[in-house]
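Asks: Can you look at this prediction? I've put the sequence above it.
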Amino acid sequence: MFATSAAVKALARREASRNTRAMANLAAYEDFGKNVFTGKVADEYLKKHGGSGDVLKDPNWVNNDSDMVANAVFDWAIDRGANVYCHWFQPMAASGVRHGLTGQVQNIMLKFNSENEIVQDFKGKTLTKGETDGSSYPNGGLRGTHCAGGYLAVDTSSPIFCRGDTIFIPSAFVSYYGAALDEKTPLLRANAALNTQATRLFDHLGLDTSSGVITNIGLEQEIFLIPREEYYRRPDLQMAGRTIIGKNAPRGQEMCDHYMAPLSSATAALACMQEIQDEAWRLGIPLKTRHREVAPNQFEFAPLYGTNTTQIDQNVMVMQIIEEIAPKHGLAALLQEKPFNDVNGSGKHNNWSIATRDGVQVLDPDAVFEATGNEAAFPVIMAAIVAAVDEHGDLMRMAIASPGNDFRLGACEAPPAIVSTYLGDDMTSYLEAFLNGESAKYEPGKKTLDLGVSEVLPFQVPAEDRNRTSPFPYGGARFEFRAVGSAQNVSLVNTVLNTIAAEKFGEFADRIDAGEDAADVAREALKKHWKVIFNGDNYDEANQQMLTDNGVWRIDSGVEAIARLTADKNIALFEKMGVLSADECTARQDVLHDHYTGTVEMEALTLIDMINQHIIPSVKATGAGPLSELEAAVATLKSAVAAIHAADASMDKAELARVLRLETMIDIRAVCDSAEETVPANLWTLATYKELLFLDSHTETDPESYFE
């Protein structure tokens, strides 16, 4: 096996240069996936201890075969060069502040025996559960100060993996009384609810669900890569992840010149992305796609889809890998949703689909018809989802109410905070015909493009165009939740999607159980909730007003959106589905509000420092600029922070923080940016947008490196 990614790439270039193509030689990639304890890798080691890979398919291995699995994991770990393990969990309120978004305590898997010899210290009980000090994690009052225990249990739905010298055991994190202190536990509960309720409904529709029902997701991760030396000249990027001030560069994204442009080998970005992909594949993460995004220095990775718990675990690890590899290439990675003003921010599109465990894609009309022979099955399923989006659009908005999304939603880069769904003209017409009593298999229109030249033959394209302005468009076998923020752990997003779908599936099943016809139930739901279907331009203000007037959920304020978590209908929903208790809803709402407030406070205090330590001295050195306004701004910021501290309730603090961030600090930013316009470049000590955003034109390259 080759020792470095560079060696792998050298082999690939050498193979590509041959004139004749032999059988593909993938030996250089033989280690890809071996750092994940699943499939053939797990089977090999479990067989040495009397089992097989099938053991891991039944979660009861935790009770029945934990010692055998622990011994196999230990052998695998030692062979991979690892001797450390940790229970790897996802505390609440981590986005934008916690490196990797996870928690862990790393322990050696060895000990000394009485003869001072090294022996294994890793058993079944060590693998399957753990205990840690939960006192410093956000909990929203779910535990008292004197009740510090945090309890960890292995999540059997997501595989154990190895990175470096450490084995990572994906785990749920709860209090002594079982209250969820993490992002994962509610998602696992929502998965169970969806499986239960979908099975009930799908069985009525003729779909075999004996294997179980799951949701798959694919997560597109957008980032910025900027010069690290300039990053060190921006306290706001270091402390808050976004530029709180900064005059626009003479050039932005006006010419659409960055989007999917070549990844230049003259900058560090390509090599950085190659190494990120290489490490991801070694961890069994199929990070398949890379490309430039719309804004300068903005890029995207996208993996193949998979089950939601595994995809989320992989995504948070990818985010950690991105942040750790970027410095090796002289870069800083920015994962925050809106690090720069007046250019696009970053999202993490959440492609959500439903399937049976044996592979029937439930949102694919052809697959559903083939599996059931029932023309009504697919429209019934779609009607339930349309009803869920219309009724619980407030929860969908709540799920994406991250601090960074304050500046991103509705800004011609992400859908507005109005939760409608795009189905496309063909699908909409099909469901409308179904609503009016017709019953037929869905037959989408086909479109052929003929360019009128012999060199390019006519080719087919999908019947429906893309609608990037919709928050929740249907894309053929999946819905794409486009409004999700790039820095988020998307567990809450998928908890909400699964819970609202489960409730509607259950409601449909209840009525069918009581003797109603499935198609009639679906038609009634479509008639009631049709207003949430919108195929037009969601950026158009007239359309936004029309949707608002029609009663489609619209919550512009992220702080107010978070407060929907404790609305009576939503507490009832979560309790009915067994996903969150009333206390857990209240606690999670307080945690999210506190996270918002803490984010804003960090930004405000950083802005005070930047004004005092950089901008005012630069203005004084110049002898010109808005000195008095800057000095007054510092006093205003300090007063606003003090007012937040004086407020009692988490919601009250968050409301004050929102005003500070979206009104006061924006006004102060204008003053700071006017100072930047006035001060000569040699006296301005902060990195400018020009220096931060244009790797292609600001990267020094050693010509001799081309001849190495």
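Replies: Right, received. Where do you want to start? Numbering: from 1, shown residues only.
Asks: The nearest residue to residue 554 once chain neighbours are set aside - how many residues pack around it?
Replies: Closest residue to residue 554 apart from its sequence neighbours, by CB to CB, 6 or more residues apart in numbering: residue 418 at 4.4 Å. For every residue, glycine as well, the C-beta is placed using N, CA and C. Residue 418 is flanked by 26 other residues according to other CB atoms under 10 Å.
Asks: again with residue 575
Replies: Neighbours around residue 575, by other CB under 10 Å: 14.
Asks: Next: the one 3 residues further on.
Replies: Using other CB under 10 Å, the number of residues around residue 578 comes to 14.
Asks: Number the chain from 545, please
Replies: Shifting the count to begin at 545 puts that one at residue 1122.
Asks: isn't it right up against residue 735?
Replies: No: between residue 1122 and residue 735 there is no contact under CB atoms under 8 Å: 11.1 Å.
Asks: and the gap between the nearest residue to residue 963 once chain neighbours are set aside and residue 1041?
Replies: Leaving aside its sequence neighbours, residue 963 sits nearest to residue 937 (CB to CB, 6+ apart; 3.3 Å). Look at residue 937 and residue 1041: by CB to CB, to the nearest Å, they are 12 Å apart.
Asks: my read: the residue nearest to residue 963 touches residue 961, true?
Replies: No: using CB under 8 Å, residue 937 makes no contact with residue 961, being 9.9 Å away.
Asks: quick revisit: who has more neighbours out of residue 937 and residue 1041?
Replies: Remark: of residue 937 and residue 1041, residue 1041 carries more neighbours, 29 against 25, as counted by other CB under 10 Å.
Asks: pLDDT of the helix or strand hosting the more buried one, averaged?
Replies: Using DSSP states H and E, the element containing residue 1041 is helix 1035-1057. Mean pLDDT, helix 1035-1057: 98.
Asks: Quick check: which helices or strands does that helix pack against?
Replies: helix 728-748, strand 757-763, helix 852-869, strand 894-900, helix 921-935, helix 937-943, helix 1062-1073, helix 1112-1120 (3 or more CB pairs under 8 Å, 6 or more residues apart in numbering; DSSP states H and E).
Asks: So which bits of stretch 966-978 are buried?
Replies: 966-968, 970-972, 974-975, 978 (16 or more other CB atoms under 10 Å).
Asks: Give me the distance from that stretch to the chain's centre.
Replies: Computed by CA atoms, centre = their mean, to the nearest Å, the chain-centroid distance of stretch 966-978 equals 29 Å.
Asks: Let me see the contact set for residue 1102.
Replies: 945-947, 949-950, 1140, 1202 (CB atoms under 8 Å, 6 or more residues apart in numbering).
Asks: Kindly reformat the residues you listed as JSON lines containing pLDDT and neighbour count.
Replies: Listed next are the contacts of residue 1102 as JSON lines, based on pLDDT from 0 to 100; neighbours: other CB atoms under 10 Å:
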{"residue": "945", "pLDDT": "96", "neighbour count": "27"}
{"residue": "946", "pLDDT": "90", "neighbour count": "26"}
{"residue": "947", "pLDDT": "91", "neighbour count": "31"}
{"residue": "949", "pLDDT": "91", "neighbour count": "25"}
{"residue": "950", "pLDDT": "89", "neighbour count": "21"}
{"residue": "1140", "pLDDT": "97", "neighbour count": "25"}
{"residue": "1202", "pLDDT": "97", "neighbour count": "19"}
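Asks: quick one: which of those residues is nearest residue 709?
Replies: Nearest to residue 709 among the contacts of residue 1102, counting by CB to CB, is residue 946 at 33.0 Å.
Asks: Next one: that closest one from residue 895, what distance?
Replies: Taken as CB to CB, the span from residue 946 to residue 895 is 19 Å.
Asks: Put together TSV for the helices and strands packed on helix 1035-1057, with distance to residue 991 and mean pLDDT on each row.
Replies: Formatted as TSV, the helices and strands packed on helix 1035-1057 follow (distance: least, CB to CB, whole Å; pLDDT from 0 to 100):
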stretch	distance to residue 991	mean pLDDT
helix 728-748	32	98
strand 757-763	25	98
helix 852-869	32	98
strand 894-900	23	98
helix 921-935	21	98
helix 937-943	31	98
helix 1062-1073	26	98
helix 1112-1120	40	98
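Asks: Let's have these in CSV, adding distance to residue 1002.
Replies: Formatted as CSV, the helices and strands packed on helix 1035-1057 follow (distance: least, CB to CB, whole Å):
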stretch, distance to residue 1002
helix 728-748, 39
strand 757-763, 30
helix 852-869, 37
strand 894-900, 29
helix 921-935, 30
helix 937-943, 40
helix 1062-1073, 36
helix 1112-1120, 49
